[in-house]
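Peer 1: Mind folding the following:
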Amino acid sequence: MNLRNKLFTAFLGLIIIPLLVLGLFTFFVTYNSIEKKYSQQAEYSLKAISYSILKVFDEMENVTDSGIVSSVFSTALKADDPDSQDYITNSEQLNLNASQRNFRNLLYNHPAISYAFLYNMYKESSHVPIFTKENFGALPFVDFKKSPLYKEVVELNGVPKWIAPHEYPELSGMEPVFTQIRLVKNMETFRKEGILVVQIKRLEFERIFRNLTLPNNLQDTSFLLVNDEGLILFDPREQNDGKNMNAFMERQIQYQSEYQSFKAKFDGEESVVSIHKLEGYPWSLVSVTKWDSLSQEVTSFAKWFIVILGLCLVTAIAFNKFFMDRITGTIAVIVRFMRRVEDGDLSARVEEKGEDELLLLSKGFNDLMNRINRLFDQIHNEQRLKTEAHMRLLQAQIKPHFLFNTLESINVLAVQNEGRKVSEMVYRLASILRISIQDKEEITLEEELKYLRSYLEIQKFRFEDVFDYEIDVPKEALNCRIMKLTLQPLVENSIQHGFEGIDYKGKILIKAWCERGNLIVQVEDNGLGMNSKQLSVFEYMMQEDRRSSQSESENLKLNQERRGLGIRSVADRIRIQYGDAYGLFICSSQPGGTIIHCVIPNYGGGEGQHAKSSIG
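Peer 2: Residues are numbered from 1 along each chain as shown. Sure thing, here's the model as predicted:
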């Protein structure tokens, strides 16, 4: 995974996903707590409504108590003409005493009373009107006595009995009003005289619900007054009056004395139903609130949260696309240039742009490469000087005793008056010294062979009849360049070690040819040859530390000797000059002699510098 994807994944994993989890957790916690909080709020509302309803009932009970105490109802029951007791049509009300007039004024002016009448328990007349009501016919007393309600009112012995709308329509009519029924006694004898029926106007209860201020999320709430059988007695909206709660609910409701609230479907919609028992009455106040109205704020919060989260995600993608692309793109460019450096391109430089840390990173890379180049140049110069010194050291490792022996041989010939031979040896020695002291590192193969012939002729003067030599080199190879003093140590190895103690005449064959862009010079002798153990000493291509660990102690002196003007010196020089792909390859057997191949790059005059640069 690249850096861009890692950063984007980190942004999602550390910001977006935790934010999403936190939002979902908050949403579900809030969503689940709505019902509980609303249940508490609905309980307070239902208690307030209950208190207001009970207050109306108490107020009306106080009014009727006053009428009983003032004997207004007793007087009306005793009248010879019951119809004359209607306050509205009675013109003889001035004949009443002061307390009776005051009560009847209160009764008439009371805003909640819709109508009132009396039943005389000892007369068969239908009723005694107090307030008449248009288009309303009271239930005859004979029929009322047959109702269970009559027995209940009598047993209450003057305590008011309230009936809700739709409970006894034959008594209260079809209009949804509350009716108070109570027993009227004579305040002097406490004798039961009649039954009072007073109806309260519907507007009084509508005012209670209308004045109830609800929060915005509870505006879609319905309040109902229900009896213990589930009959809807009162609906302020007049939509469900007279219907049964079971027709709207999927479950049966038990109207208990304790407050209860639960979530259920009401009329097909998910709602929260709260029920509060009206104290002292067989009725319950029910509030029904649609769940959508309750969860509206949470749903709105969820929508805003999704919008904000989407904006964050879009911002993150835009950030990753534009800003992170620049960061990761610059880093990718630097990495690509670093790989070029790994491949050997030390000239790689990053474009410096911007004004932030990326500019510092680019400058740091370029400064580092400049410093590395300076160090490489310094190391190259030091290596070049070291190599030149090493080459001069290898070239200077000519055995002094060869020069001394040659001069001694010249001296002997001079004593013997061998002037021609002396002259020849001096000429050959001068040729060797002339080539040795040249400043040039490389010479043509023709010059190298001229030096080699001088060396071989001097050795033949010293070791007469010990060996012969032959040089077979085509003309096209004579112009090839070779490091000076390359072939002489190889030939010296054959003379000093290959022909030592042989009983036949040795022969050295020098050949050269070009093959696959290389110059191959072969030095072959018919000397003693070498076994595998001796050949292992000449593993000149190995590194110095490996060679030193594998050389045996008894061969150490021999190995060091051969590294003077021998094979090791030549191999080291070729490896330093041309690289590890070139060097010496030895093949030998006992008996059979030794063959040495010298492999170097093939280039003619004027091409040396190009060949060097391409090789090393």
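Peer 1: residue farthest from the centroid of the chain?
Peer 2: In the chain, counting by C-alpha atoms, centre = their mean, residue 417 sits farthest out from the average C-alpha position, at 102.4 Å.
Peer 1: SS state for that residue?
Peer 2: For residue 417, the assignment made with DSSP: H, G, I helix; E, B strand; the rest coil gives coil.
Peer 1: Same check on residue 263?
Peer 2: Once three-state DSSP is applied, residue 263 turns out strand.
Peer 1: Next, count neighbours for it.
Peer 2: Counted with other C-beta atoms under 10 Å, residues neighbouring residue 263 total 15. Where you see a C-beta, it was placed from the backbone N, CA and C, and this is true even at glycine.
Peer 1: before we move on, what about residue 33?
Peer 2: Residue 33: 11 neighbours (other C-beta under 10 Å).
Peer 1: how far away is it from residue 39?
Peer 2: In this view, residue 33 and residue 39 are 10 Å apart by C-beta to C-beta, to the nearest Å.
Peer 1: likewise residue 301?
Peer 2: The spacing between residue 301 and residue 39, counted by C-beta to C-beta, is 21 Å.
Peer 1: cool, and residue 248?
Peer 2: Distance from residue 248 to residue 39, counting by C-beta to C-beta: 19 Å.
Peer 1: If you count surrounding residues, which of those two has more?
Peer 2: residue 248 (20 against 17).
Peer 1: so what's that one up against?
Peer 2: Shown in contact with residue 248 (C-beta atoms under 8 Å, 6 or more residues apart in numbering): 240, 266, 267.
Peer 1: And stretch 426-446, what's buried?
Peer 2: Of the residues in stretch 426-446, those with enough neighbours to count as buried (16 or more other C-beta atoms under 10 Å) are 426, 428, 429, 431, 432, 435, 441, 442, 443, 444, 445.
Peer 1: any idea how far the last one lies from residue 583?
Peer 2: So that's residue 445. Distance, residue 445 to residue 583, by C-beta to C-beta: 17 Å.
Peer 1: Could you do the second one as well?
Peer 2: Here the criterion is C-beta to C-beta. By it, residue 428 lies 29 Å from residue 583.
Peer 1: follow-up on the earlier one: can you report phi and psi for the residue farthest from the centre of the chain?
Peer 2: Per-residue torsions, residue 417: phi 60, psi 40 (degrees, to the nearest 10).
Peer 1: Do you know the pLDDT at it?
Peer 2: Listed pLDDT for residue 417 reads 80.
Peer 1: next one: residue 438
Peer 2: Per the predicted model, pLDDT is 68 at residue 438.
Peer 1: what about residue 282, how many residues close to it?
Peer 2: Using other C-beta under 10 Å, residue 282 is surrounded by 13 other residues.
Peer 1: can you tell me how far it sits from residue 69?
Peer 2: From residue 282 over to residue 69 the distance is 28 Å, taken as C-beta to C-beta.
Peer 1: Within the helices and strands, which one has residue 468?
Peer 2: Element membership of residue 468 [criterion: DSSP states H and E] is strand 467-472.
Peer 1: just checking, what packs against the helix or strand hosting residue 369?
Peer 2: Assigned by DSSP H and E, residue 369 falls within helix 357-395. Counting by 3 or more C-beta pairs under 8 Å, 6 or more residues apart in numbering; DSSP states H and E, the packing neighbours recorded for helix 357-395 are helix 324-342, helix 567-578.
Peer 1: That one to helix 567-578, inter-axis angle?
Peer 2: Interaxial angle, helix 357-395 versus helix 567-578 (axes from the mean of the first three to the mean of the last three C-alpha atoms, to 10 degrees): 140 degrees.
Peer 1: pLDDT of the helix or strand hosting residue 273, averaged?
Peer 2: Per DSSP H and E, residue 273 falls inside strand 269-277. In this model, strand 269-277 has a mean pLDDT of 88.
Peer 1: following the helix of greatest length in the chain, which helix or strand comes up?
Peer 2: Looking across the chain with DSSP state H, the single longest helix is helix 17-69. Going down the chain from helix 17-69, the next helix or strand is helix 72-78, by DSSP H and E.
Peer 1: now for that following helix, which elements pack on it?
Peer 2: So helix 72-78, by 3+ C-beta pairs under 8 Å, 6+ apart, packs with helix 98-109, strand 113-120, strand 128-131, strand 178-185, strand 192-200.
Peer 1: Go through the ones you listed and find the least confident stretch.
Peer 2: Taking the mean pLDDT of the helices and strands packed on helix 72-78, helix 98-109 comes last: a mean of 61.
Peer 1: Now name the helix or strand holding residue 433.
Peer 2: helix 419-436.
Peer 1: now the helix holding residue 369, how far from the centre of its chain.
Peer 2: From the chain centre to the centre of helix 357-395 is a distance of 44 Å (C-alpha atoms, centre = their mean, to the nearest Å).
Peer 1: Between helix 419-436 and it, find me the angle.
Peer 2: If you take the same axes, to 10 degrees, helix 357-395 sits at 170 degrees to helix 419-436.
Peer 1: can you start the count at 44 instead of 1 from here on
Peer 2: With the count now opening at 44, the last piece we talked about shows up as helix 400-438.
Peer 1: Now do helix 400-438 against helix 367-385: the angle between them, please.
Peer 2: Going by the same axes, to 10 degrees, helix 400-438 makes 0 degrees with helix 367-385.
Peer 1: End to end on stretch 205-221, go ahead and measure it.
Peer 2: End-to-end distance for stretch 205-221: 7 Å, by C-alpha to C-alpha, to the nearest Å.
Peer 1: So what touches it?
Peer 2: With C-beta under 8 Å, 6+ apart as the test, stretch 205-221 has contacts from 100, 157, 179, 182, 186-187, 190, 192, 222-224, 240, 242-245, 248, 268, 270, 274-277, 281, 284-285, 324, 326.
Peer 1: Write a ChimeraX command that selects only the buried members of those residues.
Peer 2: Those of these that count as buried under 16+ other C-beta under 10 Å are selected in ChimeraX with:
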select :100,157,182,187,192,222,223,224,240,242,243,244,245,248,268,270,274,275,276,277,284,324,326
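Peer 1: so where's the stretch 194-343 of the chain uncertain?
Peer 2: Along the stretch 194-343 of the chain, the model assigns pLDDT under 70 to residues 217, 254-262, 340-341.
Peer 1: ranges for the strands of it?
Peer 2: For the stretch 194-343 of the chain, the strands defined by DSSP state E, counting those that start in this stretch cover 204-206, 221-228, 235-243, 264-270, 275-277, 303-309, 312-320, 326-333.
Peer 1: how far out from the middle of the chain is the first one?
Peer 2: Same thing as strand 204-206. Computed by C-alpha atoms, centre = their mean, the chain-centroid distance of strand 204-206 equals 70 Å.
Peer 1: now do the fourth one
Peer 2: The chain centre lies 53 Å from the centre of strand 264-270; the measure is C-alpha atoms, centre = their mean.
Peer 1: Please name the strands paired to it in the sheet, noting orientation.
Peer 2: Using DSSP bridges, the strands paired with strand 264-270 are strand 275-277 (antiparallel), strand 326-333 (antiparallel).
Peer 1: what residues does it touch?
Peer 2: Residues from elsewhere that reach strand 264-270 (C-beta under 8 Å, 6+ apart): 89, 92, 207, 210, 252, 255, 257, 275-280, 282-283, 288, 298, 318, 321, 325-332, 336.
Peer 1: Can you get me a residue count around residue 316?
Peer 2: Residue 316 - counted by other C-beta under 10 Å - has 24 other residues nearby.
Peer 1: from what I can see it touches residue 308, true?
Peer 2: No - at 9.5 Å, residue 316 does not count as touching residue 308 under the criterion of C-beta atoms under 8 Å.
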